[in-house]
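Q: coords please:
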Amino acid sequence: MKNNNFKLMSATTILTLLALLVGFSLIQSLATPFSFIEEGIYHLQPYDTKGLLKGGIYFGVYIGSLLAIALAIFTQNRIIASLLIIFISLSYGVDLLIQLIGNSAKGISLSVVSLGMIEKSRAGDMLLFKTQIFQALAVVIVFIIIAIILRRLILKRFRVNTLLSVSFFLFMSAMTWGAVFYIYSIVGQSFPAPVKSLAIGAEYYLENKNQKPRVLAENIKPAKTSDYKTIIWVIDESIGGQYLSVNGYNKDTTPYLKKIDKSSPNFVNLGVVPSISNCSGASNLLLRIGLTNHVEGDFKENLKALPTIFQYAKRAGFKTYLIDAQAAEGEMQNNLSASDRLDIDHFETLSRKFVPNTRDNEVLKQLNEILDSTDEELRFVVVVKWGAHWPYPLTYQEEIFKPATRESYTEMVEENRELIFNAYYNSLRFSVDDFLFKLTNKRKLENQIIFYTSDHGQGLFKNNDPLTHCHEESGEKLPMDEYRVPFMIFSKGIKNKFKKPAVNKNSQVQIFASTLKLMGYSQDILKIYGPTLSEGVKLGTRKVNVILTGKKESYRP
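A: Take a look at the predicted model:
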């Protein structure tokens with residue numbers, strides 16, 4: 001009889017724990033129950049040889065997190081168990097409240113926490129969401145009642161060592177943070193609320209502890225109305241300008257651009273120019289705040305204090321957009337702070353259902369809607385593309401250049417040169433030429449202008465080094481290929497405005513001042529950031545930034 005009772009107790013324990021795990025995963029997202037499955041599939045990506053590793057880590061940490069939460073409820077010490085149950089319940093309650101309000105389809109995220117900290121003085125405004133608050137509180141109360149019933153009635157003999165359960169809970173929180181920090185594409189938002197809350201809290205502290213809101217002085221205003229109704233920056237990813245056939249490369253990577261370079265009055269190709277930096281996060285931030293080598297003052301102080309292009313755009317009467325094809329849904333990247341985001345009217349990121357080689361096409365739909373608008377509203381748009389982000393085989397849909405590697409583990413060694421280069425050419429054909437064809441072909445672009453460039457280039461097969469960008473060396477050791485990016489402009493009759501296009505003699509840093517000029521700002525403001533495209537730049541003054549170290553190097557063409 002005792003043996004049967006023990007088996008019954010064991011079966012009850014296992015079934016209850018399984019029910020708990022299922023319940024926890026169900027409330028991960030109201031919009032998409034069991035959303036962790038969609039997230040895991042995104043990471044697995046069968047066509048990515050690293051997918052099995054990334055997906056395995058994600059599922060392992062996720063399941064471990066659910067188990068840690070379940071075991072925490074059955075902690076031996078009653079007081080600590082009560083505190084853990086309250087924390088877990090409140091975490092799920094806040095997570096559900098965020099979903100119900102509509103801030104985020106998957107609850108707590110770094111973006112939401114950051115915005116909440118900025119707007120904490122307006123906490124009283126939350127009373128506008130009384131119904132959602134009561135719903136979330138009801139879930140909290142029900143969760144606590146269920147936890148008490150489970151502890152006292154169903155599994156009253158099942159208890160977990162206090163030190164073990166608390167340590168395991170903290171360990172899984174640390175594992176969550178580690179997965180997010182060390183593996184690109186895994187985000188804290190995708191884990192269970194109680195565990196991700198601690199990880200996101202740590203991430204928020206590390207990223208925002210020294211960041212103050214940027215201020216654009218009240219007396220800075222445009223001197224005239226904008227030259228264009230719509231201004232767009234398209235910032236691609238990992239595009240080496242020297243590998244585009246429109247710039248003279250011997251592989252036909254950009255047939256459309258090569259064709260319109262000779263025939264279209266609406267296209268100006270400025271050739272291969274130095275990027276502002278050699279790493280995505282650094283380049284996007286420096287472009288966003290216009291921190292060129294012409295700006296006076298301390299580099300680190302300017303990094304924190306300079307106003308963003310979005311602030312200038314809003315002051316000039318533009319609706320502002322940031323469309324990020326790389327960021328996970330609701331997440332921020334590239335050193336974008338919560339205070340920076342307050343000046344962005346429309347912040348668009350993509351669901352995990354869009355795999356790498358479809359994300360830029362989704363961006364196209366949003367851009368086409370903006371360009372097709374017939375109202376008189378001014379719009380300033382920054383697009384961060386997925387582009388040719390490594391692994392290259394994941395970034396295109398058709399293999400034109402063959403043979404090409406289909407594996408992300410293919411080493412960058414001499415025997416694989418052809419495989420890797422062909423994969424990169426395919427990526428350029430799809431993410432640059434096809435994208436710009438779909439965006440600009442047969443489009444009048446009247447009263448609209450598009451600047452196209454890339455965050456950094458690619459140093460392929462340089463010094464037997466597998467790292468293609470983000471080096472911190474100095475002088476001759478710093479690979480200049482990391483800084484060679486394309487620079488193009490699309491607008492009605494733009495070629496006539498460049499009497500003699502200074503191909504390969506410009507710099508990416510000119511985009512900030514040039515945009516301010518188009519928005520109507522005076523020369524007094526423009527000169528802070530350096531020369532515009534119409535002024536040109538002296539070749540000897542072209543400096544590039546080494547990541548965010550503050551080091552500047554002379555660009556070597």
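
Q: what about the stretch 401-550 of the chain, any weak spots by pLDDT?
A: For the stretch 401-550 of the chain, the stretches with pLDDT under 70 are 463-465, 499-504, 539.

Q: Do a quick rundown of the strands in the stretch 451-557 of the chain.
A: In the stretch 451-557 of the chain, the strands defined using DSSP state E, counting those that start in this stretch lie at 484-491, 543-545, 552-554.

Q: Pick out the residue nearest the middle of the chain.
A: Central residue of the chain (Cα atoms, centre = their mean): Ala327, 2.9 Å from the mean position.

Q: Wasn't that residue part of a strand?
A: Yes: counting by DSSP: H, G, I helix; E, B strand; the rest coil, Ala327 is part of a strand.

Q: Tell me which stretches of the stretch 251-400 of the chain form strands.
A: 267-274, 319-328, 346-350, 379-384.

Q: partner strands of the second one, parallel or antiparallel?
A: Using DSSP bridges, the strands paired with strand 319-328 in its sheet are strand 346-350 (parallel), strand 379-384 (parallel).

Q: Pick out the shakiest of these, pLDDT-wise.
A: Here the lowest mean pLDDT among the strands paired with strand 319-328 goes to strand 346-350, at a mean of 92.

Q: between the strands paired with strand 319-328, which one is nearest to Gly290?
A: strand 379-384 (12.7 Å; Cβ to Cβ). For the C-beta atoms, the positions are set from N, CA and C on the backbone; glycine is no exception.

Q: How about the contacts made by Thr254?
A: Thr254 sits next to 244-246, 428-429, 432-433 when contact means Cβ atoms under 8 Å, 6 or more residues apart in numbering.

Q: ok, now with 10 Å
A: 243-247, 260-261, 269, 428-429, 432-434, 436-437, 486 (Cβ atoms under 10 Å, 6 or more residues apart in numbering).

Q: swap in Val384?
A: 233-237, 280, 284, 322-327, 333-334, 336, 349, 363, 455.

Q: repeat for Leu322
A: Contacts of Leu322 (Cβ under 10 Å, 6+ apart): 233, 288, 310, 332, 334, 336, 340-341, 343-349, 380-384.

Q: could you flag which of those are buried?
A: Among the contacts of Leu322, those buried by neighbour count (16 or more other Cβ atoms under 10 Å) are 233, 288, 310, 332, 334, 336, 340-341, 343-344, 347-349, 380-384.

Q: ok so, going back, looking at the contacts of Thr254, point me to the pair that's furthest apart.
A: Tyr243 and Ile260 (18.4 Å).

Q: Show me which of these two is the more surrounded one.
A: Comparing Tyr243 with Ile260 by other Cβ atoms under 10 Å, the one with more neighbours is Tyr243, at 26 against 22.

Q: shouldn't the more buried one be in contact with Gly459?
A: No: at 11.6 Å, Tyr243 and Gly459 do not qualify as touching, with contact defined as Cβ atoms under 10 Å.

Q: Need the residues touching each of those two.
A: 481, 484.

Q: got a pLDDT number for the residue lying closest to Phe74 once chain neighbours are set aside?
A: Nearest residue to Phe74, sequence neighbours excluded (Cβ to Cβ, 6 or more residues apart in numbering): Val160, at 4.9 Å. As predicted, Val160 sits at a pLDDT of 87.

Q: Next, Val160: phi, psi?
A: phi -110, psi 140 (degrees, to the nearest 10).

Q: What distance do you get for it to Ile146?
A: 17 Å (Cβ to Cβ, to the nearest Å).

Q: Repeat that for Val195.
A: In terms of Cβ to Cβ, Val195 sits 19 Å off from Ile146.

Q: Check whether Leu439 sits in a helix, strand or coil.
A: helix.

Q: Could you report the neighbour count for it?
A: Other residues within reach of Leu439, judged by other Cβ under 10 Å, total 21.

Q: Who are the contact partners of it?
A: Contacts for Leu439 (Cβ under 10 Å, 6+ apart) come out as 232, 234, 360, 363-364, 367-368, 371, 383, 445, 450, 452, 490.

Q: any idea how far the helix or strand containing Ser89 is from the chain center?
A: Assigning secondary structure by DSSP states H and E places Ser89 in helix 78-101. Counting by Cα atoms, centre = their mean, to the nearest Å, helix 78-101 is centred 28 Å from the centre of its parent chain.

Q: cool, and stretch 61-68?
A: Here the centre of stretch 61-68 is set off from its chain's centre by 26 Å, with Cα atoms, centre = their mean.

Q: Restricting to C-alpha, output it in CSV.
A: The C-alpha trace of stretch 61-68 is given here as CSV (Å, rounded to 0.1, in the frame of the first residue of the first chain):
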residue,chain,number,x,y,z
VAL,A,61,17.8,28.1,-20.9
TYR,A,62,14.0,28.5,-21.4
ILE,A,63,13.1,25.1,-20.0
GLY,A,64,15.6,25.5,-17.2
SER,A,65,14.0,28.8,-16.3
LEU,A,66,10.5,27.3,-16.2
LEU,A,67,11.9,24.5,-13.9
ALA,A,68,13.5,27.1,-11.6
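
Q: Now do the buried residues in that stretch.
A: Residues 61-62, 64-68 are the ones in stretch 61-68 that count as buried (16+ other Cβ under 10 Å).

Q: and the closest residue to Pro356 other than its chain neighbours, how many neighbours does it have?
A: Spatial nearest neighbour of Pro356, excluding adjacent residues (Cβ to Cβ, 6+ apart): Leu394 at 4.3 Å. By the criterion of other Cβ under 10 Å, Leu394 has 20 neighbours.

Q: ok, Phe401 - contacts?
A: Neighbouring residues of Phe401 by Cβ under 10 Å, 6+ apart: 251-253, 418, 421-429.

Q: Ser190 contacts Glu38, doesn't it?
A: Yes: contact criterion Cβ under 10 Å: Ser190 and Glu38 qualify, at 9.3 Å.

Q: Can you give me the domain boundaries for this structure?
A: 2-208, 230-554 (automatic domain parsing).

Q: List just the one of those domains that sits closest to Val215.
A: Nearest to Val215 among those is domain 230-554 (6.6 Å), distances taken as Cβ to Cβ.

Q: can you pull the buried residues of the strand or helix carrying Ile200?
A: Here Ile200, judged by DSSP H and E, is contained in helix 193-208. By 16+ other Cβ under 10 Å, the buried positions in helix 193-208 come out as 193-204, 207-208.

Q: so can I have CSV of those showing pLDDT and distance to Ile183?
A: What follows is the buried residues of helix 193-208, written out as CSV (pLDDT from 0 to 100; distance: Cβ to Cβ, whole Å):
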residue, pLDDT, distance to Ile183
Ala193, 86, 20
Pro194, 88, 21
Val195, 86, 16
Lys196, 84, 15
Ser197, 83, 20
Leu198, 79, 18
Ala199, 78, 13
Ile200, 80, 16
Gly201, 80, 19
Ala202, 77, 16
Glu203, 73, 14
Tyr204, 74, 19
Glu207, 65, 17
Asn208, 64, 22
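
Q: Low-confidence ranges, the stretch 51-200 of the chain, go.
A: For the stretch 51-200 of the chain, the ranges with pLDDT under 70 are 102-105, 111, 114-128, 154, 184-185, 188.

Q: ok, which stretches of it are helices?
A: 51-73, 78-101, 110-118, 130-149, 162-182, 193-208 (DSSP state H, counting those that start in this stretch).

Q: any chance of those in JSON lines, plus distance to Leu303?
A: Below are the helices of the stretch 51-200 of the chain laid out as JSON lines (distance: least, Cβ to Cβ, whole Å):
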{"stretch": "helix 51-73", "distance to Leu303": "31"}
{"stretch": "helix 78-101", "distance to Leu303": "31"}
{"stretch": "helix 110-118", "distance to Leu303": "18"}
{"stretch": "helix 130-149", "distance to Leu303": "38"}
{"stretch": "helix 162-182", "distance to Leu303": "21"}
{"stretch": "helix 193-208", "distance to Leu303": "14"}
